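predicted coordinates and the sequence they were generated for:
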Amino acid sequence: MTVKKEDFTQLLLKWHKNENSRAMPWKGEKDPYRIWLSEVILQQTRVEQGWAYYEKFIAEFPTIEDLARAPEQKVFKCWEGLGYYSRCRNLIATARKIVGDYGGRFPSDYESIHALKGIGPYTAAAIASFAFNLPHAVVDGNVLRVLSRYTGDATPIDTTAGKKKYTALAGELLDKDQPGIYNQAIMDFGAVVCKPQNPLCTSCVQRKDCQAYCTERVGELPVKEKVLRKRSRWFYYFMVETPDKKVYIRQRQKGDIWADLFELVGWESEEPVYPEDILRGAAAGRVFGKQSLTVKYISKVYRQELTHQTIQGQFFTIHLSHPLPSLKGYILVDKEKLNEYPFPKFINAWLKDPTPAQSLF
DNA sequence: AACACGGGGTC
DNA sequence: GACCCAGTGTT
């Protein structure tokens, strides 16, 4: 499929200039630090959702030096609730690398930018074009959708072959005299006009040459190959409180969901478990031994839907008569200071509003 | 190439 | 409930 670049690109730029009123705090930004920060926040994240986080990060860490020297936990606390927490870990690592190895100055060529942690082809192209005016075309979900529809191409966008094909086309269509403007324009166009659902085809400036529109296949494009599979997980957590109002928490390790965030004492099950069985089970015995403990509350069943998982679980409030002699891997912190630690949304839902007892059999 | 990784909006 | 969002890293 060949595309007349002069048509597509010129119409796109004209639309951007005359009809695109989408405003964002980082638009037109030239500081590579701010561009980078906004792009990482926006990976797989809607502009509306990332907006407040960007403002918070800029206020808290105005420069890359501020970010590089900040305690990790403080940065994670700022990221709390945004999801995909490896982005935060890589953000910290890259800030420290740039400050340590590049004297605080962002590298200014595509390959060096791409080599940084948390920066893939999309983010590297965004930074290269927005900050350094380099001719690299961004390929995000918007671009894939726009190009698939415009060319009427049913090649799946979530395959290696598809990405390669659309990336090549994106590079051809790029206006190399103003790559930043062009990249901004095509992403806004995808978000505002060529939307996933109910695109604004009847008023679209590209409709005359849009193959999907002309052949009435807009609703069928782009094509995705992979089917989403969901897994169910159950988490049973204990707020184990000592007489002096301290509780046990630990940091989750990498390799699973919520890496680097904190969690309460607890364990996971592949199947739902009755509260009675949780408390009677061997695992509870290993944790609490013969210690006399009081179960103050058992929460309702909390549930959270994620893209690839359904999380369910319950929270037990336990009061100890004496602190446990040792609880390997856990730290003991003041209950009042729990809000200084980043927790998954699932746990925060209960921490912020602990539902009182169900039955205390 | 396939899969894991959050949370939220829209229909 | 299904799909998608200014994707990246690991295996």
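Ah, there it is.

give me the residue from the stretch 101-250 of chain A nearest DNA strand C.
The minimum distance from the stretch 101-250 of chain A to DNA strand C, using C-beta to the nearest atom of the strand, falls at A:Gly120 (2.5 Å). To be clear about C-beta, it is placed using only N, CA and C from the backbone, and glycine gets the same treatment.

the stretch 251-361 of chain A too?
For the stretch 251-361 of chain A and DNA strand C, the shortest gap (C-beta to the nearest atom of the strand) falls at A:Thr307, measuring 4.4 Å.

for that residue, give its distance to A:Phe346.
A:Thr307 sits 14 Å away from A:Phe346, taking C-beta to C-beta, to the nearest Å as the criterion.

please identify which of the two sits among more neighbours.
More crowded of A:Thr307 and A:Phe346, by other C-beta atoms under 10 Å: A:Phe346, with 23 against 8.

pull up the residues of the stretch 151-300 of chain A that are close to DNA strand B.
A:Thr159, A:Thr160, A:Ala161, A:Gln197, A:Asn198, A:Lys226, A:Arg229, A:Gly255, A:Asp256, A:Ile257, A:Trp258, A:Ala259 (C-beta under 7 Å from any atom of the strand).

repeat that for 10 Å
A:156, A:158-164, A:195-198, A:225-231, A:233, A:252, A:254-261 (C-beta under 10 Å from any atom of the strand).

helices - which of those land there?
Using DSSP state H, the members of those that fall in helices are A:Thr160, A:Ala161, A:Gly162, A:Lys163, A:Lys164.

just name the closest of those to DNA strand B, please.
Out of those, the member with the shortest distance to DNA strand B (by C-beta to the nearest atom of the strand) is A:Thr160, at 2.3 Å.

would you list every one of the strands in the stretch 251-361 of chain A?
Taking DSSP state E, counting those that start in this stretch to define them, one finds strands in the stretch 251-361 of chain A at A:262-269, A:293-298, A:302-305, A:309-320, A:331-334.

going by mean pLDDT, which of these comes out lowest?
Of all the strands of the stretch 251-361 of chain A, mean pLDDT reaches its minimum on strand A:293-298 (a mean of 86).

buried subset of the residues of the stretch 151-300 of chain A next to DNA strand B?
A:Pro156, A:Gly162, A:Lys163, A:Arg233, A:Arg252, A:Trp258, A:Asp260, A:Leu261 (16 or more other C-beta atoms under 10 Å).

surely the fifth one is in contact with A:Glu268?
No: checked against C-beta atoms under 8 Å, the pair A:Arg252 and A:Glu268 is beyond contact range at 11.0 Å.

buried residues in the helix or strand bottoming out on mean pLDDT in chain A?
Every helix and strand in chain A was compared by mean pLDDT, DSSP states H and E; the lowest is helix A:282-288, with a mean of 75. If you call a residue buried by 16+ other C-beta under 10 Å, then helix A:282-288 has these buried ones: A:Ala284, A:Val287, A:Phe288.

surely the first one is in contact with A:Ile278?
Yes: using C-beta under 8 Å, A:Ala284 is in contact with A:Ile278, at 6.4 Å.

out of the strands of the stretch 251-361 of chain A, which is closest to A:Lys14?
strand A:302-305 (41.2 Å; C-beta to C-beta).

is DNA strand C contacted by that closest one?
Yes: using C-beta under 10 Å from any atom of the strand, strand A:302-305 comes into contact with DNA strand C via A:Arg303, A:Glu305.

and that strand, what does it pack onto?
Helices and strands touching strand A:302-305, by 3 or more C-beta pairs under 8 Å, 6 or more residues apart in numbering; DSSP states H and E, are strand A:309-320, helix A:345-352.

now the helices: where do they sit in the stretch 1-150 of chain A?
Listed in chain order, the helices of the stretch 1-150 of chain A (DSSP state H, counting those that start in this stretch) span A:5-19, A:32-41, A:47-60, A:64-69, A:72-79, A:86-101, A:110-114, A:121-132, A:141-151.

in JSON lines, list those helices along with mean pLDDT.
As requested, the helices of the stretch 1-150 of chain A are exported to JSON lines (pLDDT from 0 to 100):
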{"stretch": "helix A:5-19", "mean pLDDT": "95"}
{"stretch": "helix A:32-41", "mean pLDDT": "98"}
{"stretch": "helix A:47-60", "mean pLDDT": "97"}
{"stretch": "helix A:64-69", "mean pLDDT": "98"}
{"stretch": "helix A:72-79", "mean pLDDT": "98"}
{"stretch": "helix A:86-101", "mean pLDDT": "98"}
{"stretch": "helix A:110-114", "mean pLDDT": "98"}
{"stretch": "helix A:121-132", "mean pLDDT": "98"}
{"stretch": "helix A:141-151", "mean pLDDT": "98"}
